[in-house]
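Asks: I'll drop the sequence and a predicted model, then ask my questions.
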Amino acid sequence: MKQYLVDQFTAYGLPVVLHPFQAFDATYHNVIATLPPSNPSAPAASGPPLIVAAHYDTVQGSPGADDNASAVAVVLESARVLRSKRLAREIRLIGFCLEEEDLLGSLAYARELRDRGERIAGAIVLECVGYTSPIPGSQLAPPRLPIPLPPVGDFLGVVGNALSGSLVAALDGAVRRDVPELKTITLLVPGNGEVLPDTRRSDHAAFWYYGYPALMLTDTANFRNPHYHSPTDTIETLDFTFMQRVAKAVIAAATTLAGVTGEAS
């Protein structure tokens with residue numbers, strides 16, 4: 001999957017770098033593609049970059065169609081569409097490795113940002129965005145969730161913390177404006193979600209840990225998808241219409257947050 005990401009980003013004409021980090025006595029890599037601002041000398045171009053990310057690893061024994069190829073596909077589609085836009089600020093599109101091993105890839109990247117004193121406009125992190133079910137009772141709720149969830153698993157979860165309010169507002173606004181057919185449920189957790197551990201189970205939590213704004217977009221994974229982390233997490237189980245709507249929402253939110261000024265020439 002690492003090389004596939006490199007090849008796809010390169011085919012879109014984007015500069016790509018591998019971000020190495022050490023884990024388990026070996027070197028692993030996050031994959032980072034960059035959409036530069038259209039006018040680097042403009043004042044807005046000096047602002048911090050926006051990140052759109054998903055992890056590209058899966059657990060042993062699972063094909064990982066929903067977890068997390070669905071999210072990787074949305075990141076790639078976002079790259080494909082956004083490359084034609086004139087951006088006021090940089091967008092970084094990142095594939096994180098070893099999310100399934102305690103977020104090691106995103107923690108290494110966020111720690112490096114902190115150590116360099118680098119700011120970001122925020123991170124939109126996608127985690128399992130391809131499974132829906134029309135069956136009543138298909139949607140379960142994590143323990144201690146402070147909001148009710150509908151019994152049908154056909155919505156996108158949007159999870160942020162207090163620091164990420166502007167990101168959540170941008171995403172919610174983008175959905176209302178451009179993808180009204182996409183159902184969403186939004187949750188802002190206190191602090192870094194310590195009292196709700198299930199809201200911290202993806203790479204957005206690495207950014208929270210180092211004090212950066214980030215949100216997670218999710219189909220709620222095992223609280224909906226019976227194929228989660230199993231051999232049956234295959235492409236046949238995915239809802240591509242739902243994924244297309246998620247991609248449109250991410251692209252719309254990114255155009256707002258990155259200050260798109262028109263089409264690239």
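Replies: The structure has been received and is ready for your questions. What you are looking at is a predicted structure, and each value in this text was computed from that prediction instead of being measured.
Asks: For the lengthiest helix in the chain, buried residues please.
Replies: Secondary structure assigned by DSSP state H gives helix 240-257 as the longest helix of the chain. Neighbour counts over helix 240-257 (16 or more other Cβ atoms under 10 Å) mark 242-243, 245-257 as buried. Quick note: C-beta positions are derived from backbone N, CA and C, even for glycine.
Asks: tell me the mean pLDDT over that helix?
Replies: Averaged over helix 240-257, pLDDT sits at 97.
Asks: ok now that helix, how far from the chain's centre?
Replies: Distance of helix 240-257 from its chain centroid, counting by Cα atoms, centre = their mean, to the nearest Å, is 11 Å.
Asks: Counting by contacts, list what it packs against.
Replies: Here helix 240-257 touches strand 50-55, helix 71-82, strand 122-127, strand 156-161, helix 165-178, strand 214-218, going by 3 or more Cβ pairs under 8 Å, 6 or more residues apart in numbering; DSSP states H and E.
Asks: now those as a markdown table including mean neighbour count, distance to Ala33 and mean pLDDT?
Replies: Shown next, in a markdown table, are those (neighbours: other Cβ atoms under 10 Å; distance: least, Cβ to Cβ, whole Å; pLDDT from 0 to 100):
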| stretch | mean neighbour count | distance to Ala33 | mean pLDDT |
| --- | --- | --- | --- |
| strand 50-55 | 28 | 10 | 98 |
| helix 71-82 | 22 | 6 | 98 |
| strand 122-127 | 28 | 15 | 98 |
| strand 156-161 | 24 | 24 | 98 |
| helix 165-178 | 18 | 20 | 96 |
| strand 214-218 | 26 | 18 | 98 |
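Asks: Make a markdown table out of the ones you listed and add distance to Ile91.
Replies: Converted to a markdown table, those look like this (distance: least, Cβ to Cβ, whole Å):
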| stretch | distance to Ile91 |
| --- | --- |
| strand 50-55 | 5 |
| helix 71-82 | 6 |
| strand 122-127 | 10 |
| strand 156-161 | 19 |
| helix 165-178 | 13 |
| strand 214-218 | 15 |
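Asks: wait, Trp208 sits on Glu194?
Replies: No. Using Cβ atoms under 8 Å, Trp208 is not in contact with Glu194; the gap is 9.8 Å.
Asks: which of the two has more neighbours?
Replies: Using other Cβ atoms under 10 Å, the more surrounded residue of Trp208 and Glu194 is Trp208, with 25 against 11.
Asks: give me every residue that touches that one.
Replies: If a contact means Cβ atoms under 8 Å, 6 or more residues apart in numbering, then Trp208 has Asn161, Leu163, Ser164, Asn192, Gly193, Arg200, Ala214 as its contacts.
Asks: Hmm, Gly211 and the third one touching each other?
Replies: No. Taking Cβ under 8 Å as the contact criterion, Ser164 and Gly211 are not neighbours in contact, 11.2 Å apart.
Asks: one step back: now for Trp208 and Glu194: what residues contact both?
Replies: Listed contacts common to Trp208 and Glu194 are Arg200; contacts here mean Cβ under 8 Å, 6+ apart.
Asks: tell me the two of the buried residues of helix 240-257 that are most distant?
Replies: The largest separation in these, counting by Cβ to Cβ, is between Phe242 and Leu257 at 22.5 Å.
Asks: Regarding the closest residue to Asp172 other than its chain neighbours, what is its secondary structure?
Replies: Using Cβ to Cβ, 6 or more residues apart in numbering and skipping residues adjacent in sequence, the residue nearest Asp172 is Thr186, 6.1 Å away. Three-state call for Thr186 (DSSP: H, G, I helix; E, B strand; the rest coil): strand.
Asks: what's across from Thr186 in the sheet?
Replies: Per DSSP bridges, the residues bridged to Thr186 are Val158.
Asks: For it, the count of nearby residues, please.
Replies: Per other Cβ under 10 Å, the neighbour tally for Thr186 reads 16.
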